[in-house]
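Enquirer: how would this look folded up:
(2 chains)
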Amino acid sequence: MNGDRFLNRLSNAFPTDRAALVTFVTGGDPSAADTGAILDALVEGGADIIELGMPFTDPMADGPAIQAANIRSLKAGTKTADLLNIATAFRQRHPTVPLVLMGYANPMTIRGAEWFADACVQAGVDGVICVDIPVEEDDSLGDSLRAKDVAVIRLATPTTDAARLPNILKNASGFLYYVSVAGITGLQQAAQASIQEAVTRLKAGTDLPVAVGFGVRTPEQADDIARVADGVVVGSAIVEIIAKHGADAPPHVKAYVKSLSDAIRSAR
Amino acid sequence: MWTESLPFAKRFAHMTKQDKLSNSFRNQPDDRGHFGQFGGRYVAETLMPLILDLEKHYRAAQADPAFAEEFDDLLEHYVGRPSPLYYAERLTDHVRKDAPAGKGAQIWFKRDELNHTGAHKINNCIGQILLAKRMGKTRIIAETGAGQHGVATATVCARFGLPCVVYMGATDVVRQKPNLFRMKLLGAEVISVESGSGTLKDAMNDAMRDWVANVDDTFYIIGTAAGPHPYPELVRDFQSVIGREAREQMLERTGRLPDMLVAAIGGGSNAIGLFHPFLDDPEVEMLGIEAAGHGLDKEHAASLAGGKPGILHGNKTYLLQDEDGQIDEAHSISAGLDYPGIGPEHSWLKESGRVRYDSVTDTEALEAFQLLCSTEGIIPALEPSHAIAAVAREAVKMDKDQIILANLCGRGDKDIFTVAEALGTEI
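Expert: So this is what the prediction gives:
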């Protein structure tokens, strides 16, 4: 499906006058019962798009913070059914806020791609980011999602060369997620100049909004990225707040997200 | 002679012609790295350009006679190939004692435990470090379970003067101390992986995390015939020296092919290395042996027997997992078999029916370990001890004039502490 024809909550998630704030938390951390309030805190703090992480035993692309969140979630007994219930309840409370599931191929495809696409539709999920299904293996999940109008959000990285980029952009929808560093989540941030150069290169090839993530922690960093990209993705820093405060995390999460949101709103 | 004095390129040209046959079992994977529904390239986008580049360089190496020459030369003069093909007469006699009249096949071993570093792992490491050199990479990483692949990687890194980082699960660091020290002697930095269960799968996760963060200079030497394409294919090709030699040696010694091949399977590199050159010989039956640990109804590492298809570590294959696709912890007394997945070509060979797969428990493997010690004066590693247990089980059902050939893929020096503990002996 062509990016501009794609119509769901994600289409309206990127304001024209400022960058969108995209926030990630791992579902079920510290427990499935606590995630709803944490998601609400993200929205109240000013997040424009919510990425709900599906926990996995082997999160190969993640750094220590999100690895630990995955383990906490699974140890608390979080199942795929709990994740979908969290999404369904979020959709009821927040009918207009875009919700994206992010995670790894095996939990998404184990019951079949069709099953997962249907589950996304029923839970009101707008898009899916699958870390370990590159465009070369798109048919193992992407076709089923697109057929149900669930956005297939693609990742581009510093190693994505000009030859690969058109394939990644073809059939991408929702937005394009630029992983600004070659590495795992949460560790370091790329230089502003390289981010700006990459966003310019990506935007030359697509009308989709470009959100930039990996290593974004402070309002200042968010502000910098907001000046050059359509969206700023923050994950590990929020997950660390949840690690510290557990079930008492929501007010802390809200305050932190608000600091990011304020910075982004004043960036342009 | 031991090696078809053909360079890689000619071996491949030969293979390609044969493999055009639609009924060949040797024509996998396809252009996308798929073995039927298995295999593939399930990696993060950051790694995708790297594995495409690796594939490009591997194709160039296959077409370059100089690459094959250097590989063959190192295998002969550094590794000590060809490894002998050995008729285990006393073990055969022992098995025949309990066999019905006329039964009890001749038991032969491919002695890959006599390789430099003590296991088949070095074959693959030689091939991959030559590739790394071709690609201009200056830093090597690897994962290891039992430590054999870590030792083999550290060995070739010392030989080629490249820095080496080996990821090893914290649990394995404890149970494979001799290999830990060997790696350090060879100059490798060994990183103990605390995440997850602290075994091979967790070491592989951390090796991939290292790779994704060091894309410019680092070559990842994967130790088994698994991971994203082209790894399962190139590891198989490098390990196929085992089967090529065995096929030639058996023909030379007995004038015929073996009736059955047996090999232990963790990821499955020694097994695919033995099997692959025989796959299109319909008269040769093949048996892969998974680790049944405490039993298939308890904790084990038998992905084919107790798992189902899923996606992990870059490929689709049989995995031990729950209904949500969360990966289960594997268990085997043998650290080298303690992995919840299996190389994708084995998943395909199972589904195609060409290879039969069975399993052997910790207890059976320990008995076989002792049996080989006492009948043949060979201390096997715990990994091939699983194959030996199955050999004894199968040989009694086969006729006396039949031949069963197992891959003795590693020696047991590294395992004596584990075995002593299991037998309740203090050393």
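Enquirer: what sits closest to B:Ala61 if chain neighbours are left out?
Expert: Excluding the flanking residues, the one nearest B:Ala61 by Cβ to Cβ, 6 or more residues apart in numbering or on different chains is B:Phe67, at 4.3 Å. In short, each C-beta sits where N, CA and C put it, glycine included.
Enquirer: can you show me the strands along the chain?
Expert: Assuming you mean chain A. Using DSSP state E, the strands of chain A run over residues A:20-26, A:49-53, A:99-103, A:127-130, A:151-152, A:154-156, A:176-179, A:210-213, A:231-234.
Enquirer: I was after chain B.
Expert: Taking DSSP E as the test, the strands found in chain B are B:34-35, B:38-42, B:85-87, B:106-110, B:139-144, B:164-169, B:189-193, B:218-220, B:260-265, B:285-293, B:308-312, B:314-319, B:356-361, B:403-407.
Enquirer: follow-up on the earlier one: mean pLDDT, distance to chain B and mean neighbour count added to the strands of chain A, as JSON lines?
Expert: Shown next, in JSON lines, are the strands of chain A (pLDDT from 0 to 100; distance: least, Cβ to the nearest Cβ, whole Å; neighbours: other Cβ atoms under 10 Å in any protein chain shown):
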{"stretch": "strand A:20-26", "mean pLDDT": "98", "distance to chain B": "14", "mean neighbour count": "27"}
{"stretch": "strand A:49-53", "mean pLDDT": "98", "distance to chain B": "14", "mean neighbour count": "27"}
{"stretch": "strand A:99-103", "mean pLDDT": "98", "distance to chain B": "10", "mean neighbour count": "25"}
{"stretch": "strand A:127-130", "mean pLDDT": "98", "distance to chain B": "9", "mean neighbour count": "26"}
{"stretch": "strand A:151-152", "mean pLDDT": "96", "distance to chain B": "13", "mean neighbour count": "25"}
{"stretch": "strand A:154-156", "mean pLDDT": "96", "distance to chain B": "4", "mean neighbour count": "26"}
{"stretch": "strand A:176-179", "mean pLDDT": "96", "distance to chain B": "7", "mean neighbour count": "27"}
{"stretch": "strand A:210-213", "mean pLDDT": "96", "distance to chain B": "13", "mean neighbour count": "26"}
{"stretch": "strand A:231-234", "mean pLDDT": "97", "distance to chain B": "15", "mean neighbour count": "26"}
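Enquirer: closest one to A:Leu165 among the ones you listed?
Expert: Among the strands of chain A, the nearest to A:Leu165 by Cβ to Cβ is strand A:154-156 (6.8 Å).
Enquirer: on that earlier part again, now the strands of chain A in JSON lines, with distance to B:Ala60?
Expert: As requested, the strands of chain A are arranged in JSON lines below (distance: least, Cβ to Cβ, whole Å):
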{"stretch": "strand A:20-26", "distance to B:Ala60": "40"}
{"stretch": "strand A:49-53", "distance to B:Ala60": "40"}
{"stretch": "strand A:99-103", "distance to B:Ala60": "36"}
{"stretch": "strand A:127-130", "distance to B:Ala60": "32"}
{"stretch": "strand A:151-152", "distance to B:Ala60": "34"}
{"stretch": "strand A:154-156", "distance to B:Ala60": "27"}
{"stretch": "strand A:176-179", "distance to B:Ala60": "29"}
{"stretch": "strand A:210-213", "distance to B:Ala60": "35"}
{"stretch": "strand A:231-234", "distance to B:Ala60": "38"}
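Enquirer: about what we covered before: distance check, the residue nearest to B:Ala61 against B:Tyr58.
Expert: Note on B:Phe67: its distance to B:Tyr58, by Cβ to Cβ, to the nearest Å, is 10 Å.
Enquirer: what sits against the closest residue in space to A:Asn8 that isn't next to it in sequence?
Expert: Among residues not flanking A:Asn8 along the chain, A:Asp126 sits closest, at 4.9 Å (Cβ to Cβ, 6+ apart). Residues in contact with A:Asp126, defined by Cβ atoms under 8 Å, 6 or more residues apart in numbering or on different chains, are A:8-10, A:98-100, A:150-151, A:174.
Enquirer: what parts of the stretch 151-268 of chain A come near chain B?
Expert: Within the stretch 151-268 of chain A, the residues that sit near chain B (Cβ under 8 Å from any Cβ of the partner chain) are A:154-161, A:164, A:168, A:179, A:182-184, A:187.
Enquirer: 7 Å - rerun?
Expert: A:155-157, A:159-161, A:164, A:179, A:182-184 (Cβ under 7 Å from any Cβ of the partner chain).
Enquirer: can you report how many residues neighbour the nearest residue to A:Tyr104 once chain neighbours are set aside?
Expert: Excluding the flanking residues, the one nearest A:Tyr104 by Cβ to Cβ, 6+ apart is A:Phe56, at 4.3 Å. Other residues near A:Phe56 come to 26 when the count uses other Cβ atoms under 10 Å in any protein chain shown.
Enquirer: from B:Asp324, how far out is A:Phe56?
Expert: 9 Å.
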